[in-house]
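Chemist: Here is my input, please return the structure:
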Amino acid sequence: MNETEQRREFGTLRLRGVIWWIRYKIDGKTYEESSCSRDRRKAEKRLATREAELGRGIFVAPNLKHTTVEELADMLRDDYRINGRRSLRRVETSLDHLLDFFGPARVTTVTSDRIAKYVGARQEEKAAAATIRNELAALKRMFTLGLRAGKVAQRPHIPALQVSNARQGFFEEDDFRAVLRELPAAVKPVVEFAYLTGWRIPSEVLRLTWAQVDFEAGIVRLEPRTTKNDEGRAFPFDALPALKRLLEKQRNRTKTLERASGRIIPHVFHRDGAPIRYFRRAWLSALDRAAHRERGGIREVVRPEVLGRIPHDLRRTAVRNLVRAGVPERVAMQLTGHKTRSVFDRYNIVNERDLRDGVARLAGLHQRQANG
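Modeler: Down below sits the predicted model:
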């Protein structure tokens, strides 16, 4: 075969037969492609184009140009299944929107400007900011997996959408007791447990089994990979009398039901032995009754904001109570399962009463200083 070679600054021109080929090296890896031309100047132009692409950060190796968005989506699904992620259903929803917009096209078409157009289109559809953020996170993960597998050469810039709709709800003690009185008997211990521990109700409290409650050690545990951040957790309930009484009462109630029914009940919280899946209707009814309850012809004073409370506000309340009690933040984060300080700070709600208490302490300092 007639083969000649001409070296350039960026790569090499090689004549094979009558066709010029270009060869270049990126990050220690050699790439070679045909210029599809007999003209050396056209081959030089293609080589210069590759050099310019590399300089602008948009270079794509020839063997990676055919990877599609659908392939990356399948890689993300496999990643969730392999790692046992419980949020697979949510990521499927995100993928539906991403594939509707980007289609089965090649990943080279997913550029920063198209991603910006995607965000604009989803905003026009009135999608929540948090929803769009989840979709962008899925897209980012897709490209990360593609890079690891050698399916894509680089990841485009994917913006981190700011979400400023964090809830500010929490319960004062009187409000919580008023709502607790109105809840069904089976739901009361669930809500009180969440109020005392700050654990997540759907994924942690309702799934709790007696195998995770060690009465001898006085600890209730969550095993690794069963929590949102996949980390295990322990809460020494014997150090909190209210929580100890709650679990002992629930255990006695469960044992009585087991003897009467002749079956084993593995879940700590249940409705006549059946696991509790949800209690939204009971929750809303309890809020309404608590806000309009009267005793002895006198209406109890319950703040109107209570009507807008959700069960997750119990988690915020527990964080605030831990901080108020003077528990070190590192310990409080371990008890409630907060992995990052930023999220913990968002849950540590400060209200007017906290501010007033702070100013009162400042006044006491000034008074002590004035008195020498």
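Chemist: pLDDT of the helix or strand encompassing Phe193, averaged?
Modeler: Using DSSP states H and E, Phe193 falls within helix 188-197. Averaging pLDDT along helix 188-197 yields 94.
Chemist: what's it packed up against?
Modeler: helix 173-182, helix 241-261, helix 313-324 (3 or more C-beta pairs under 8 Å, 6 or more residues apart in numbering; DSSP states H and E). No exception for glycine: its C-beta is placed from N, CA and C like everyone else's.
Chemist: Pick the most deeply packed of those.
Modeler: Stretch with highest mean neighbour count among those: helix 313-324 (a mean of 21; mean count of other C-beta atoms under 10 Å).
Chemist: what's the next secondary structure element after it?
Modeler: helix 329-336.
Chemist: That following helix vs helix 313-324, what angle?
Modeler: Here the directions of helix 329-336 and helix 313-324 differ by 150 degrees (axes from the mean of the first three to the mean of the last three C-alpha atoms, to 10 degrees).
Chemist: what about Thr317, distance to Leu72?
Modeler: Remark: distance between Thr317 and Leu72 (C-beta to C-beta, to the nearest Å) = 41 Å.
Chemist: Ok, Asp78 next?
Modeler: Distance of Asp78 to Leu72, computed by C-beta to C-beta: 11 Å.
Chemist: Settle it for me: which of these two has more neighbours?
Modeler: Counted by other C-beta atoms under 10 Å, Asp78 and Leu72 do not tie: Leu72 has more neighbours, with 26 against 11.
Chemist: Identify all contacting residues around the helix holding Phe193.
Modeler: Here helix 188-197 makes contact (C-beta atoms under 8 Å, 6 or more residues apart in numbering) with 171, 176, 179-180, 183, 199-201, 205-206, 235, 240, 242-243, 246-247, 249-250, 269, 276, 279, 311, 314-315, 317-318, 335-336.
Chemist: starting at the chain centroid, how far to that helix?
Modeler: 23 Å (C-alpha atoms, centre = their mean, to the nearest Å).
Chemist: Helix 173-182 and that helix, what's the angle between them?
Modeler: Using the same axes, to 10 degrees: helix 188-197 against helix 173-182 is 160 degrees.
Chemist: Show me what the next helix or strand after helix 188-197 is packed up against.
Modeler: In the C-terminal direction, the helix or strand that comes right after helix 188-197 (DSSP H and E) is strand 213-214. Applying 3+ C-beta pairs under 8 Å, 6+ apart, one finds that strand 213-214 makes contact with strand 219-222.
Chemist: Can you tell me what sits against the next helix or strand after the strand it packs on?
Modeler: Moving toward the C-terminus from strand 219-222, the next helix or strand (DSSP H and E) is strand 233-235. Identification of contacts with strand 233-235 by C-beta under 8 Å, 6+ apart yields 197, 199, 219-222, 227, 243, 334-335, 337.
Chemist: Identify, from those, the entry nearest to Glu258.
Modeler: Distance to Glu258 across the contacts of strand 233-235 (C-beta to C-beta) is lowest for Val220, with 19.6 Å.
Chemist: Kindly provide the distance from the closest one to Arg245.
Modeler: 14 Å.
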